[in-house]
Structure formats: C-alpha cells, structure tokens
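> just the structure for this:
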Amino acid sequence: QAMALSFLMYPVLRSLALQAHSAVTGSYVPGTHSVAFINCLNEQIAKDIARAIMDKKLAACVNILPKSSTLYFWKGEIEESTEILLLVKTRTSKISELSSYVRSIHPFEIPEIISLPIDQGNPFYFKWLEESMAGD
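The predicted structure follows:
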C-alpha cells in the first residue's frame, strides 16, 4: 500500500522538487512544461475547447492553428478530413488532468491528445507560463 501511495505521489513530489530547484537556481528544468497537441473538427469546436481549457487554468496559452488536411486510419480504412490543431502550453504535471478534461468535452470518439516535454526555451516565457497558471 505504501508503494502504491509513493507511486501515486511521485508526479506531485517531482513537480515540487523541480519548482524548488528552479526557484533556487533561477534555471529552467527541462520537461517542467509541455506542449500538448489536440485536433478539432472545426474552428468553433477548437475555440470552445481552447476557452474551456483556459477557464480551468489547465494551460497558460492555446494557439489555434488554421485548417490542415489529415489522413488517418479509422476502422481499417484510410480517411481524409480537415482539422484544426490546438497547441496547448502547460505544466507537464497538468497533462493528465488536461487529457481527462478534454476527453470529457471533445466530440470525437478518440480525440488526439498528445504532448511533448519542452526541453529548452526563453526563461522569461517559462516564468510567464508559471505566473499565468498560478493560483490553482
């Protein structure tokens, strides 16, 4: 039981340790933040999901990219459609909550919700990300 609890606490403890290290050293710890990619059927759905994500403070910023053509397998067949892509900038520790929330509101049966950790970047931008998501 203690093992299960420590496993469940690991993301929280890791996040706190990374924040403490960052505060003490003033440096960015790679992987503290992530970019999540979420596909949407059209611009209205994309805006609605982006706004919902922001309202819940699950991200500091969401970019809505213009239509792109998409090819994918669905039920054994190659499908083609147009989609709008959201780029969601958030804390890596929020990815699980973000994914659960988006799945609960997204109209797709299996929405694309994937993330990549941010390795490096502008330290002032990362500070802004933290400040924008503070108070939750």
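> strands of this structure, start to end?
Using DSSP state E, the strands of the chain run over residues 33-40, 61-74, 77-91, 113-117.
> can you list these in TSV and add distance to residue 105 and mean neighbour count?
Quick note: C-beta positions are derived from backbone N, CA and C, even for glycine. What follows is those, written out as TSV (distance: least, Cβ to Cβ, whole Å; neighbours: other Cβ atoms under 10 Å):
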stretch	distance to residue 105	mean neighbour count
strand 33-40	11	21
strand 61-74	14	12
strand 77-91	12	16
strand 113-117	11	15
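> please pull out the lowest mean pLDDT helix or strand from this structure.
Taking all helices and strands of the chain together, the one with the lowest average confidence (mean pLDDT, DSSP states H and E) is helix 2-25, at a mean of 59.
> before we move on, back to that, in TSV, list the strands of the chain along with distance to residue 50 and mean pLDDT.
Shown next, in TSV, are the strands of the chain (distance: least, Cβ to Cβ, whole Å; pLDDT from 0 to 100):
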stretch	distance to residue 50	mean pLDDT
strand 33-40	9	97
strand 61-74	4	95
strand 77-91	6	97
strand 113-117	13	97
